[in-house]
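**Q** give me a 3D structure for the following:
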Amino acid sequence: MKAWLCGLDDEEAASVSSILTFIGIEHSASLTSISLPDFVVLGKAIESFELDEMIPIISLRSGMDIVGDFNVWFCPLPWRSQSLSSILKEIKQLHTFPQASGVNLNLHVRHLEALLIRQALVSTQGVVSKAAQNLQIQRTTLIEKMRRYNIDKSEF
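**A** Coordinates of the predicted model:
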């Protein structure tokens, strides 16, 4: 799973980051470094939030205005392992079952495509031409898709 940390102060970021690292969740304060996060963690300073994609939100506030139809959990710090694990289970189930309002096929295809590209690059130690061969696409097509999903070959 991947998390985007948005609007966290230094103390919140340190606390949340250490917990997410401990349970093995990739996270970043930069949305561009994580393509299609599984959920967003919002700091206490964020009073309202608007996002184009349907991504689950964990807020460190006890309440806030959310613009859009989102799944939101209010979970102030300090986090307890039981409450956090139940929230993460619910978030995983959201990705397993289609939403009542329908499925954003484009979002799921992009997520799967980025995942397959990363796996191919891992298996080839970042060699783009070999990864393209494994994916059965042209090298230039792979390079373009890597740009689209902000995938840097030096990560592998």
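**Q** for the chain, what's the longest helix?
**A** helix 105-123 (DSSP state H).
**Q** mean confidence score for that helix?
**A** Per-residue pLDDT over helix 105-123 has a mean of 85.
**Q** show me what it is packed up against.
**A** Counting contacts by 3 or more CB pairs under 8 Å, 6 or more residues apart in numbering; DSSP states H and E, helix 105-123 packs against helix 128-135, helix 139-148. (C-beta placed from N, C-alpha, C; glycine too.)
**Q** closest to residue 29 out of those helices?
**A** With CB to CB, the closest approach to residue 29 among the helices and strands packed on helix 105-123 belongs to helix 139-148: 21.7 Å.
**Q** format the helices and strands packed on helix 105-123 as TSV; extra columns: mean neighbour count.
**A** Formatted as TSV, those follow (neighbours: other CB atoms under 10 Å):
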stretch	mean neighbour count
helix 128-135	18
helix 139-148	14
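**Q** which one of those lies nearest to residue 20?
**A** Per CB to CB, nearest to residue 20 of these: helix 139-148, 25.4 Å.
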